[in-house]
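In: pasted the sequence and its predicted model underneath.
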Amino acid sequence: MDEITLPHETKIVVVVRNDLETWQKLNVASFLAGGLAGADPSLVGEPYRDATGSVYHPLMRQPILIYAGSLDDLRLVHRRAMDRDVRLAIYTKELFATSNDVANRNVVEAVERDDLNLVGLAFHTERRVADKIVKGLKWHA
């Protein structure tokens, strides 16, 4: 008998700026997904194994929904998440010019929350809350 898969109770969401170069969007989305996995290891499944016995790294347990928007859209999503006490992974434009994790944290810490030059953010929360946070945004094309 096949296992019945119910919809996930939560959503993993990544929002990237629509004015970035393609490589930047992919880079930002990758960093943000890694941040979510690091913050909540339960989001990651078990390792994969092929029929010959080769072992592969585990993946996220559920799909990652990717949206795109302007700086104003990202700031709105950021504010909505903060108002709902949803913790975010963020990526600011200044991080493209840094070369290590310490420098990344330093450039973010130097800017007030409402002035962050967001190019991406990600979060994991209940489905209904996620829907309210991203209301009005379009899927990344």
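Out: Right, received. Where do you want to start?

In: what mean pLDDT does whatever helix or strand Ala103 lives in get?
Out: Ala103 belongs to helix 101-109 when assigned by DSSP states H and E. Helix 101-109 carries an average pLDDT of 97.

In: what's that helix packed up against?
Out: Judged by 3 or more CB pairs under 8 Å, 6 or more residues apart in numbering; DSSP states H and E, helix 101-109 is in contact with strand 89-92. Any C-beta I mention is one placed from the backbone N, CA and C, and that applies to glycine too.

In: partner strands of the strand it packs on, with direction?
Out: Counting by DSSP bridges, the strands paired with strand 89-92 are strand 118-126 (antiparallel).

In: could you give me the buried positions within the strand it pairs with?
Out: 118-125 (16 or more other CB atoms under 10 Å).

In: quick one: list the elements packing against the next helix or strand after it.
Out: Of the helices and strands lying after strand 118-126 in sequence (DSSP H and E), the nearest is helix 127-133. Packed against helix 127-133 by the contact rule (3+ CB pairs under 8 Å, 6+ apart) you find strand 10-17, helix 71-83, strand 118-126.

In: take the buried residues of strand 118-126 and write them to TSV, including pLDDT.
Out: As requested, those are exported to TSV (pLDDT from 0 to 100):
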residue	pLDDT
Leu118	98
Val119	98
Gly120	98
Leu121	98
Ala122	98
Phe123	98
His124	98
Thr125	98
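
In: in the residues you listed, find the pair that's most separated.
Out: Val119 and Thr125 (20.9 Å; CB to CB).

In: before we move on, the earlier item: closest to Pro47 out of the buried residues of strand 118-126?
Out: His124 (21.0 Å).

In: so which bits of the helix holding Ala103 are buried?
Out: Applying a neighbour-count criterion of 16+ other CB under 10 Å, one finds 104, 108 buried in helix 101-109.

In: send the alpha carbons of that helix over as PDB?
Out: Written as PDB, here are the backbone C-alpha positions of helix 101-109 (Å, rounded to 0.1, in the frame of the first residue of the first chain):
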ATOM      1  CA  ASP A 101      31.000  34.900   8.000                       C
ATOM      2  CA  VAL A 102      32.400  37.400  10.600                       C
ATOM      3  CA  ALA A 103      32.400  40.200   8.100                       C
ATOM      4  CA  ASN A 104      28.900  39.300   7.000                       C
ATOM      5  CA  ARG A 105      27.600  39.600  10.600                       C
ATOM      6  CA  ASN A 106      29.500  42.900  11.000                       C
ATOM      7  CA  VAL A 107      27.900  44.600   8.000                       C
ATOM      8  CA  VAL A 108      24.400  43.600   9.100                       C
ATOM      9  CA  GLU A 109      25.000  44.700  12.600                       C
END
